[in-house]
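Chemist: sequence first, then the predicted structure:
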Amino acid sequence: MTTVGILGGGQLARMLALSGAPLGLRFLVMDTVADACAGQFAPLLVGDYRDEAALAEFASKVDVATFDFENVPAESAEWLSARVPVFPNPRALAVAQDRLAEKTLFRELGIPVPEFAAVATRAELDGALATVGVPCILKTRRLGYDGKGQFRIRTLADADAAWAALGAQAATVGLIVEAFVPFERELSVVAVRGRDGEFRTWPLTENWHVDGVLSASLAPAKVDAALADTATAYARRLAERMDYVGVFALELFCRDGQLLANELAPRVHNSGHWTIEGAEASQFQNHLRAVLGLPLGAPAMRGHACMLNWIGAMPEAGPVLAEAGGHWHDYGKEPREGRKVGHATLRADEPQALAAALERVGQALGRQAQVAPPVAVLRAG
Ligand code: AMP
């Protein structure tokens, strides 16, 4: 009996556990809170990631460890890896935790990135604005997610307000200024690499955000083959350099037909949730296979899929369940503003059938279902 330990007990851990059940796997999830939603499906160990006693208990009960949450302290991941195999490796986790280290690595590997500069003081912010230019975004280097820890700087006159909002964090999590990219579209490549180095990607996905939070993902993205090949090549370069094992997502901006890397998520990713019903092997299934050293499943798609995120509160399920290709995921979380509480995936063999299904769901659910952007892409033919 193999037990997979997961650090972080949110919906990603929950979907990993659900996906691992047919493989006969057991799970142990560790989280800082007792109501972590993965605890509804797997034993939950409540503890601080910096607490050695809790980590030691976790290590003693699992055969292999992985993450649902990339901000587990890198030292904790390191400590754990001396006791039990940890995938992805703590070095990869450490790079992905720091926007500066991540962007520096992208550049080193020839992966284009928006202009950026590290900022430690108010004076350095002025220097960064001079080199990077405006508009730009001041971001925390660490611990930011879903658009949190970010301040848009439209003109130089916004510098004081940006510093007032985030300056105090320069000494703790660090800051970075990034050029604002007026992108045409946001894309992501979800990839998996096995322990033996085997590398696979799911079809490129197009993503839309509202207030920095993912609202919809459409796969396959409508892009030409050369662009998709470039995205895949970037992901492979990163995976090989980091000796990465498991699933990760590379988020990209597309502007004037060129790709710019935004960030790397060292875990299964929201933009890959459609793979549960839309691909032969889901990102969750392949992440588990990768960390266990099993053969990887095929990422081949079945038709076209669109995922809609439920933010804040779950809508009524009926309109999605009434669709032939409608799939419902309720994470069992308490409703809270801005919180990801579930998603739906709609799947169809033909793009126009998917557009029609999305329109019906959008009509029934109103603003909670952000169907307009994917419908526009599908209808454009
Ligand atoms: P992040 O947490 O860096 O992934 O940012 C969340 C979202 O904010 C992204 O998915 C984009 O929609 C937007 N965003 C972040 N950085 C930039 C940028 N440099 N230029 C334009 N939009 C950005």
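Modeler: Noted; the coordinates are in hand.
Chemist: write out the residues of the stretch 51-200 of the chain neighbouring the ligand.
Modeler: 114, 137, 144, 147, 178, 180, 181, 186 (CB under 6 Å from any ligand atom). The C-beta positions use only the backbone N, C-alpha and C, and glycine is treated the same way.
Chemist: mind doing that once more with 8 Å?
Modeler: Of all the residues in the stretch 51-200 of the chain, those in contact range of the ligand (CB under 8 Å from any ligand atom) are 99, 114, 136-137, 139, 144-148, 150, 178-183, 186.
Chemist: which among these end up buried?
Modeler: Buried subset of these (neighbour count, 16 or more other CB atoms under 10 Å): 99, 114, 136-137, 139, 144, 146, 150, 178-181, 183, 186.
Chemist: show me these that map onto helices.
Modeler: Among these, the members falling in helices are residue 99 (criterion: DSSP state H).
Chemist: can you pick out the most distant pair from the buried ones among the residues of the stretch 51-200 of the chain next to the ligand?
Modeler: The distance between the two most remote of these (CB to CB) is 20.7 Å, for 146 and 179.
Chemist: quick check, central residue of the chain?
Modeler: residue 269 (3.3 Å; CA atoms, centre = their mean).
Chemist: pretty sure it is touching residue 283, no?
Modeler: Yes. Between residue 269 and residue 283 there is a contact at 7.1 Å, judged by CB atoms under 8 Å.
Chemist: can you pull the residues that touch both of these two?
Modeler: 190, 247 (CB atoms under 8 Å, 6 or more residues apart in numbering).
Chemist: double-check that residue 329 belongs to a strand.
Modeler: Yes. If the criterion is DSSP: H, G, I helix; E, B strand; the rest coil, then residue 329 is within a strand.
Chemist: can you pull the pLDDT of it?
Modeler: Per-residue pLDDT puts residue 329 at 98.
Chemist: help me confirm that it comes into contact with residue 340.
Modeler: No. Using CB under 8 Å, residue 329 makes no contact with residue 340, being 10.4 Å away.
Chemist: out of the two, which sits in the more crowded spot?
Modeler: Neighbour count, other CB atoms under 10 Å: between residue 329 and residue 340, residue 329 has more, with 22 against 18.
Chemist: mean confidence for the helix or strand where residue 239 lies?
Modeler: Element membership of residue 239 [criterion: DSSP states H and E] is helix 225-242. Here helix 225-242 scores 98 as its mean pLDDT.
Chemist: what comes into contact with that helix?
Modeler: 88-89, 91-92, 95, 105-106, 109-111, 187, 189, 191, 193, 197, 199, 201, 203-204, 221, 244, 248, 250, 252, 254, 257, 259, 261, 264.
Chemist: of those residues, which belong to strands?
Modeler: 187, 189, 191, 193, 199, 201, 248, 250, 252, 254, 259, 261, 264 (DSSP state E).
Chemist: for the second one, give its distance to the ligand.
Modeler: Plainly put, residue 189 is 14 Å away from the ligand if you go by CB to the nearest ligand atom, to the nearest Å.
Chemist: export the helix or strand harbouring residue 29 as PDB, just CAs?
Modeler: Residue 29 is part of strand 26-31 when elements are defined by DSSP H and E. Extracted in PDB, the C-alpha atoms of strand 26-31 (Å, rounded to 0.1, in the frame of the first residue of the first chain):
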ATOM      1  CA  ARG A  26      -3.700   6.200   0.200                       C
ATOM      2  CA  PHE A  27      -3.100   9.800   1.000                       C
ATOM      3  CA  LEU A  28      -2.100  12.000   3.900                       C
ATOM      4  CA  VAL A  29      -2.700  15.700   3.600                       C
ATOM      5  CA  MET A  30      -1.000  18.300   5.700                       C
ATOM      6  CA  ASP A  31      -2.500  21.800   6.100                       C
END
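Chemist: that strand pairs with which strands, parallel or anti?
Modeler: If you go by DSSP bridges, strand 26-31 pairs up with strand 3-7 (parallel), strand 44-46 (parallel).
Chemist: need those strands in CSV with distance to residue 314 and mean pLDDT, can you?
Modeler: Conversion of these to CSV gives the following (distance: least, CB to CB, whole Å; pLDDT from 0 to 100):
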stretch, distance to residue 314, mean pLDDT
strand 3-7, 24, 98
strand 44-46, 22, 98
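Chemist: which of the ones you listed sits most buried?
Modeler: Comparing those by mean neighbour count (mean count of other CB atoms under 10 Å), strand 3-7 comes out on top with a mean of 24.
Chemist: now for residue 119: which residues touch it?
Modeler: Contacts of residue 119 (CB under 8 Å, 6+ apart): 125, 128, 138, 170, 175, 176, 177.
Chemist: skipping adjacent residues, who's closest to it in space?
Modeler: Once flanking residues are discounted, residue 119 sits nearest to residue 175: 4.3 Å by CB to CB, 6 or more residues apart in numbering.
Chemist: what do you get for residue 78?
Modeler: In space, and not counting its chain neighbours, residue 78 is closest to residue 90: 4.6 Å by CB to CB, 6+ apart.
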